[in-house]
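>>> Give me the fold of what follows.
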Amino acid sequence: MSERHGPALVVPRTGGSDVLVVEDRSAPAPGRGEAVVEVAAVGVNFIDVYQREGVYPMDVPFVLGNEGAGTVVAVGEGVEHLAPGDRVAWAMSVGSAARYAVRAADTLVTVPDAVDLETAAAVMLQGMTAHYLTTSTFPVGSGTTALVHAAAGGVGQLLVQMVRARGGVVVATAGGPEKCATAERLGADHVIDYRAVDDLAAAVREVAPRGVDVAYDGVGRDTFDASLASPRRGGGVALLGARPGRVARLDRRRRNPGGSLFVPRPSLGHHLASRDELEWRAGEVLAAVADGSLQVAVGGRYPLEEAAHAYDDLEGRRTQGKLLLTR
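Okay, here's the model as predicted:
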């Protein structure tokens with residue numbers, strides 16, 4: 001068998017998007033419990049940025065990318081649930097942005113026939129994030145009122161839909177009329193253009209006088225005070241990713257005026273503790289995509305050679321929906 005090789009997106013040293021380089025790399029044969037996947041598309045995520053910048057320390061050089069989808073081309077010993085030709089997707093597995101990726105087989109899930117590989121790559125990480133936020137961090141049920149910041153973004157769009165699907169009420173915030181229209185189209189009950197109001201917390205309280213049950217905040221510094229001021233007594237504020245970590249350290253006393261708020265900073269890795277949990281979360285997300293009840297918006301497709309542009313667009317919040325790196 002000839003050696004497989006192809007382009008890979010490499011971080012040779014920590015820094016900005018300008019450090020990214022594309023190199024030709026060989027894919028080793030799969031070891032025991034592994035599979036080699038020919039990658040069709042890779043999701044662009046903030047976790048990639050944190051790893052590239054060194055916020056999440058990594059040994060350099062390394063291949064970027066934590067999420068993708070493609071076709072299995074080889075499996076190693078002990079892999080019984082996959083075979084060459086299977087369409088698979090994954091998340092939280094660094095080294096994804098390459099023509100060929102070697103993955104632990106137990107991190108791969110089968111993609112339903114009704115879901116194309118680009119859509120699967122676009123929904124795995126953010127879809128399972130929205131899933132654990134609405135099922136585990138603060139379980140949403142009938143009548144739950146949720147504040148969703150950046151509602152036109154990748155996670156935000158999925159949160160709006162999942163909260164509504166579980167019978168909840170969505171108060172969405174977004175920047176500008178176009179993004180607000182996206183949140184409204186996806187089913188948000190109330191939409192606030194945070195650029196058009198002087199007091200975001202007061203605007204939230206106008207539509208949710210008793211306070212929201214939970215605020216999902218993936219923005220951080222610009223929305224954090226409003227998030228703390230918006231929940232009801234005993235409500236929650238879920239901080240997403242590392243960008244919210246760049247707000248000032250939270251003084252415990254700041255929670256008390258809001259009524260003993262629950263303020264976790266959950267992560268997807270902690271919610272994929274077993275194969276069963278992965279299959280549950282990924283299965284429900286992909287099934288919802290397959291039956292059309294969960295819409296996944298791809299906001300941009302970029303070849304590996306334009307990856308720096310993709311990450312600049314992500315960090316600058318210049319797009320809506322999910323960004324992908326494609327072949």
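>>> now the helices for the stretch 151-300 of the chain?
Assignment of helices within the stretch 151-300 of the chain using DSSP state H, counting those that start in this stretch yields the ranges 154-165, 177-185, 200-207, 224-229, 275-290.
>>> weakest of these in terms of mean pLDDT?
Here those differ in mean pLDDT, and the lowest is helix 224-229 at a mean of 92.
>>> any idea which of the helices of the stretch 151-300 of the chain is most buried?
helix 154-165 (a mean of 26; mean count of other Cβ atoms under 10 Å). For every residue, glycine as well, the C-beta is placed using N, CA and C.
>>> Packing partners of that one?
helix 117-132, strand 145-148, strand 169-174, helix 177-185, strand 212-217 (3 or more Cβ pairs under 8 Å, 6 or more residues apart in numbering; DSSP states H and E).
>>> what's the closest of the helices of the stretch 151-300 of the chain to residue 127?
Relative to residue 127, the nearest member of these by Cβ to Cβ is helix 275-290, separated by 3.8 Å.
>>> now the angle between helix 117-132 and that closest one, please.
120 degrees (axes from the mean of the first three to the mean of the last three Cα atoms, to 10 degrees).
>>> hang on, residue 110 packs against residue 87?
Yes. Residue 110 is within contact range of residue 87, at 6.9 Å (criterion: Cβ atoms under 8 Å).
>>> Please give me every residue in contact with the closest residue to residue 32 other than its chain neighbours.
Spatially, and ignoring its direct neighbours in sequence, residue 32 is nearest to residue 77 (4.5 Å; Cβ to Cβ, 6 or more residues apart in numbering). Residues near residue 77 by Cβ atoms under 8 Å, 6 or more residues apart in numbering: 31-33.
>>> cool, residue 231 as well?
Counting by Cβ under 8 Å, 6+ apart, residue 231 has contacts 147, 211-215, 237, 258-259, 261.
>>> So among the residues you listed, which ones count as buried?
Among the contacts of residue 231, those buried by neighbour count (16 or more other Cβ atoms under 10 Å) are 147, 211-215, 237, 258, 261.
>>> Next, give phi and psi for residue 309.
phi -60, psi -40 (degrees, to the nearest 10).
>>> Once you drop chain neighbours, what's closest to residue 168?
Per Cβ to Cβ, 6+ apart, closest to residue 168 is residue 144, 4.0 Å.
>>> Let me fix that, I meant to ask about residue 313.
Nearest one to residue 313, counting by Cβ to Cβ, 6+ apart, is residue 319 at 5.1 Å.
>>> and that neighbour, helix, strand or coil?
coil (DSSP: H, G, I helix; E, B strand; the rest coil).
>>> how deep is it tucked in, by neighbour count?
19 (other Cβ atoms under 10 Å).
>>> ok, now residue 141?
Residue 141 has 10 nearby residues by other Cβ under 10 Å.
>>> for residue 327, same thing?
Counted with other Cβ under 10 Å, residue 327 comes out at 13.
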